[in-house]
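> for reference, the sequence and a predicted model appear below.
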Amino acid sequence: MIFRTGGTFYRGASAVEIARALERDAADYPRPGQTLRQFLLWSLNHLLDRVPPRELDLSDRLDDEALAFSYLCLCDEYDAGELTVEP
């Protein structure tokens, strides 16, 4: 899977790998190494100008992979990145 944002390409075998790479590259993220959910919430809050508020709620029922994949799809849908899933 490949995710492109801001001219940077992220490649990973899973959505979690890509989300963690995004976390590592987020220089202004205040809590690196915390839960993936915390990073995704922080990141979504930075997309308030692109993503409708109804989309910002992260389900407690999803595991990290489903949550990260949903996040990447959401970014793709609202032009905050481009997701390509390779066969």
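Now that the structure is in, tell me what you want to look at. These figures come from a predicted structure and were not determined experimentally.

> quick one: the strands in the protein?
Along the chain, counting by DSSP state E, strands occupy 2-5, 8-11, 82-84.

> so which of those strands is the most packed in?
Burial of the strands of the chain is given as mean neighbour count (mean count of other C-beta atoms under 10 Å); strand 2-5 ranks first at a mean of 17. Every C-beta, even on glycine, is put in place using the N, C-alpha and C of the backbone.

> and stretch 14-30, how far out from the chain middle?
Put simply, stretch 14-30 sits 8 Å off its chain's centre (C-alpha atoms, centre = their mean, to the nearest Å).

> picking up where we left off before, mind putting the strands of the chain in TSV, mean pLDDT and distance to Asp63 included?
Formatted as TSV, these follow (pLDDT from 0 to 100; distance: least, C-beta to C-beta, whole Å):
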stretch	mean pLDDT	distance to Asp63
strand 2-5	97	19
strand 8-11	97	20
strand 82-84	97	19
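
> all helices of this structure, in order?
15-25, 36-45, 64-77 (DSSP state H).
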